[in-house]
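Student: compute the structure for the input listed below.
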Amino acid sequence: MDNSFCLEALEEAIARYRTPEIFNTDQGSQFTSDAFTMDGKGSLRNNVFVERLWRSVKYEEVYLKAYETVTEARRSIGIYLNFYNTEQPHSSLDGIPPDQFYYNILLPLPLAACNDAGIHL
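Tutor: Numbers count the residues shown, from 1 in each chain. Coordinates of the predicted model:
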């Protein structure tokens, strides 16, 4: 894919609004080309976990729905993200949901501490 449009848009945005502290793009070829890449900090693997999450959100939720309003989209995506974190088995976590993996394995908090922090198990 041609990256000239992306480069022109970026240059125009920087000229108008200055260089941003944080800049995130899709992982498409036009954004990972040598001409577009702004730093060499693991460009091909930056945000790999977030990219994987958004792929799941898009294919398992957004593309399957026809939201009527932004409010409906927010509500429905929120429900999906709750499911993703509390019920969806993840192969990278030995088939258990992230909440169970992180709260029960990595952060074994006493139940009282969870309740004090507003975490309801």
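Student: which stretches of this protein have low pLDDT?
Tutor: 1-2, 23-48, 105-121 (pLDDT under 70).
Student: okay, domains of the chain per the record?
Tutor: 1-42, 48-116 (automatic domain parsing).
Student: this structure: strands as residue ranges?
Tutor: Secondary structure of the chain (DSSP state E): no strands located.
Student: can you map out the helices along it?
Tutor: When secondary structure is read from DSSP state H, the chain shows helices at 4-17, 48-60, 70-86, 98-100, 111-116.
Student: buried set for the first one?
Tutor: Using 16 or more other Cβ atoms under 10 Å as the burial criterion, the residues of helix 4-17 that qualify are Cys6, Leu10. (Each C-beta comes from the backbone N, C-alpha and C, glycine too.)
Student: quick check: which of the helices of the chain is buried the most?
Tutor: Mean neighbour count (mean count of other Cβ atoms under 10 Å) peaks for helix 98-100 among the helices of the chain, with a mean of 16.
Student: which strands and helices lie in contact with that one?
Tutor: Judged by 3 or more Cβ pairs under 8 Å, 6 or more residues apart in numbering; DSSP states H and E, the packing partners of helix 98-100 are helix 70-86.
Student: nearest spatial neighbour of Lys65, skipping sequence neighbours?
Tutor: Nearest in space to Lys65, with sequence neighbours left out and distances taken as Cβ to Cβ, 6 or more residues apart in numbering, is Ser76 at 6.0 Å.
Student: how near is that neighbour to Asn82?
Tutor: Summarising the geometry, the distance separating Ser76 from Asn82, computed by Cβ to Cβ, to the nearest Å, is 11 Å.
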